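Undergrad: What would the 3D arrangement of this be:
(one chain, ligands or ions: 2)
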Amino acid sequence: MAMRLPGGARFDIEMQWGSIGWAVPATFGYAVGAEQRRIIALIGDGSFQLTAQEVAQIVRRRLPVIIFLVNNHGYTIEVEIHDGPYNNIKNWDYAGLMQAFNSEDGRGLGLRATNGGQLAEAIKAALAHRDGPTLIECIIDRDDCSPDLIAWGRQVARANARPPRPQ
Ligand SMILES: Cc1ncc(C[n+]2csc(CCOP(=O)(O)OP(=O)(O)O)c2C)c(N)n1
Ligand SMILES: [Mg+2]
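TA: Ligands and ions are numbered 1, 2, ... in the order given. Have a look, this model is predicted:
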């Protein structure tokens, strides 16, 4: 949320209903609808697992989208509200998934970054890759999140714990 964007950049987020799984198909739609724009998506691993198959459509249409897949091994936003084993998910080889979507004719590129240097290299490669999407799997710690998220999680937990209003 604190990211500074260049002038003229547009930003969209699905906070109205908060339904995870929105970002991959939305990215596909934006990329089809605005071919002259560079479409960049930031997607959590948990959200990605709901609609991951739509990346295949982005490969099929050879759209030069860049997806930053934040792999923190689970539902970290939920961890900050109320933790439990249900916040852990099965890890996937997200970067490797691109090869499966490519099959024999796709041009998708899957990369993995575990530190800033690797991320910088991956971004360079993604910018040079124009005939298909690039998915950059960014590995971070399960508890690596902003102070804002921690404060927000505590407040939501408090609100969730209120007794029901008498009818
Ligand atoms: C359709 C739907 N199912 C479940 C939820 C509850 N929910 C909100 S956030 C979230 C986890 C998101 O995980 P991830 O995308 O990995 O984000 P991060 O780990 O960065 O918080 C879940 C399950 C929801 N908002 N929408
Ligand atoms: Mg996650």
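
Undergrad: what sits opposite the closest residue to ligand 1 within the chain in the beta ladder?
TA: Nearest residue of the chain to ligand 1: residue 44, at 2.1 Å (Cβ to the nearest ligand atom). Any C-beta I mention is one placed from the backbone N, CA and C, and that applies to glycine too. Beta-bridge partners recorded for residue 44 (DSSP bridges): residue 70.

Undergrad: Would you agree it is in contact with residue 72?
TA: Yes: the pair residue 44 and residue 72 qualifies as a contact (Cβ atoms under 8 Å) at a distance of 7.4 Å.

Undergrad: before we move on, back to that, quick one, what contacts the residue of the chain closest to ligand 1?
TA: 20, 70, 72, 75, 76, 77 (Cβ atoms under 8 Å, 6 or more residues apart in numbering).

Undergrad: Next one: it from residue 26, what distance?
TA: 14 Å (Cβ to Cβ, to the nearest Å).

Undergrad: residue ranges for the strands of the protein, please.
TA: 40-44, 66-71, 109-113, 134-139 (DSSP state E).

Undergrad: okay, the contacts of residue 44 in TSV with pLDDT, distance to residue 125 and neighbour count next?
TA: Below are the contacts of residue 44 laid out as TSV (pLDDT from 0 to 100; distance: Cβ to Cβ, whole Å; neighbours: other Cβ atoms under 10 Å):
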residue	pLDDT	distance to residue 125	neighbour count
20	96	28	16
70	98	18	19
72	97	23	19
75	97	29	21
76	96	27	22
77	95	29	19
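
Undergrad: nearest to residue 110, of those residues?
TA: Nearest to residue 110 among the contacts of residue 44: residue 70, at 14.8 Å, using Cβ to Cβ.
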